[in-house]
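Chemist: Provided below are the primary sequence and the corresponding predicted coordinates.
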Amino acid sequence: MHKMHNTAAGRVFDVINFIFLGVVGLVTVVPFLYIVAGSFATETELATRPFFIIPETITTAAYQYIFSTDSVLRSLVVSVFVTVVGTVVSMILTLTMAYPLSRRTMVGRNFVLNLILFSMLFNGGMIPTYLLVKNLGLLDSLWSLILPLAINPFNLIIVKTFFQELPKELEDASKIDGCSEFQTFWKVMLPLSKPVIATFTLFYAVFYWNDFFQALLYLTDTTKWPIQLLLQQLVMVANVGLGDMQEAMLYEPPEESIKLAVIVVATVPILIFYPFLQKHFAKGVMLGSVKG
């Protein structure tokens, strides 16, 4: 492989590959830079300049509007709580369910797997799910944003496959050392599962952070709204106060820049979270791939 890259054809390929990946990277990053720049621009500049990276006149009017009350900060706290607790609950349930299903000797394993596959194709629908949440007494509770979607069947199957591909000799060795099933899972399997844990922690965290539909269905108390639902309402009703919709604004909000500002507010926190999992995420993205 090293000799191939030292040839003329290999060097040409490397140059073309770097240029192509650089262009793809710019196509990915430049729109977000425009969103950040636009959130600090004036309405006039957004209307007259179709694209820019650095605004001519920097203004924080959009952010002043968003943070003019404590509603946004309160919603950020709610979203952080739902994201952290929901991710922990989902990972605990997914890992503890996937591991026994990866054991081929488990009684009723195929029946449970068929139920999981069935749930990937069919579900009860919005109204039955709402009635179930209501009968469980979860309406207007933050748990209604977590428990109904605590386990993703696709994620569960991928994690199950990961455990299944770990060498069986590890389990046999732990049993020889006197470990119980739980000790084998906790002390042997989980330390070897950092890539899968990092990957699906990120997937679940992004899902909980971005979700607003569950809150739209189950929450009527505006003080419990997550940031995504609040920002959606903020964009839809840009000329009304935040939160309880009763606090009067001191100025007319900049309609275009506020739409870009809410994207920044909703995106930056999850971007900060990603670097902490990047090392393991690079390995985890290969989970479930076809192996020779």
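Modeler: Arrived safely.
Chemist: going forward, measure contacts between C-alpha atoms and count neighbours the same way
Modeler: Fine.
Chemist: can you pull out the strands in the stretch 151-292 of the chain?
Modeler: Counting by DSSP state E, counting those that start in this stretch, the stretch 151-292 of the chain has no strands at all.
Chemist: in it, which spans are helices?
Modeler: For the stretch 151-292 of the chain, applying DSSP state H, counting those that start in this stretch gives helices covering 153-165, 168-176, 181-184, 194-210, 213-218, 227-236, 255-273, 278-284.
Chemist: so which of those helices is nearest residue 111?
Modeler: Nearest to residue 111, of all those, is helix 153-165, at 13.9 Å by CA to CA.
Chemist: CA atoms only for that closest one, dumped as PDB, please.
Modeler: Extracted C-alpha coordinates of helix 153-165, given in PDB (Å, rounded to 0.1, in the frame of the first residue of the first chain):
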ATOM      1  CA  PRO A 153     -35.200  -1.100  17.800                       C
ATOM      2  CA  PHE A 154     -32.600  -0.500  15.100                       C
ATOM      3  CA  ASN A 155     -30.000   0.600  17.700                       C
ATOM      4  CA  LEU A 156     -30.800  -2.400  19.800                       C
ATOM      5  CA  ILE A 157     -30.200  -4.800  17.000                       C
ATOM      6  CA  ILE A 158     -26.900  -3.200  16.100                       C
ATOM      7  CA  VAL A 159     -25.700  -3.300  19.700                       C
ATOM      8  CA  LYS A 160     -26.900  -6.900  19.900                       C
ATOM      9  CA  THR A 161     -24.800  -7.800  16.800                       C
ATOM     10  CA  PHE A 162     -21.800  -6.100  18.400                       C
ATOM     11  CA  PHE A 163     -22.000  -8.200  21.600                       C
ATOM     12  CA  GLN A 164     -22.600 -11.300  19.500                       C
ATOM     13  CA  GLU A 165     -19.300 -10.700  17.500                       C
END
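Chemist: buried stuff in that helix?
Modeler: By neighbour count on 16 or more other CA atoms under 10 Å, the buried set for helix 153-165 is 153, 155, 156, 157, 158, 159, 160, 161, 162, 163, 164.
Chemist: now distance to residue 28 and mean pLDDT too, for the helices of the stretch 151-292 of the chain, in a markdown table please.
Modeler: Compiled in a markdown table, those are given as follows (distance: least, CA to CA, whole Å; pLDDT from 0 to 100):
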| stretch | distance to residue 28 | mean pLDDT |
| --- | --- | --- |
| helix 153-165 | 26 | 90 |
| helix 168-176 | 42 | 84 |
| helix 181-184 | 43 | 86 |
| helix 194-210 | 18 | 88 |
| helix 213-218 | 27 | 92 |
| helix 227-236 | 22 | 79 |
| helix 255-273 | 14 | 81 |
| helix 278-284 | 18 | 59 |
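Chemist: hmm, back to that, ok, so of the buried residues of helix 153-165, who is nearest residue 98?
Modeler: For the buried residues of helix 153-165, the minimum distance to residue 98 (CA to CA) is 4.5 Å, reached by residue 160.
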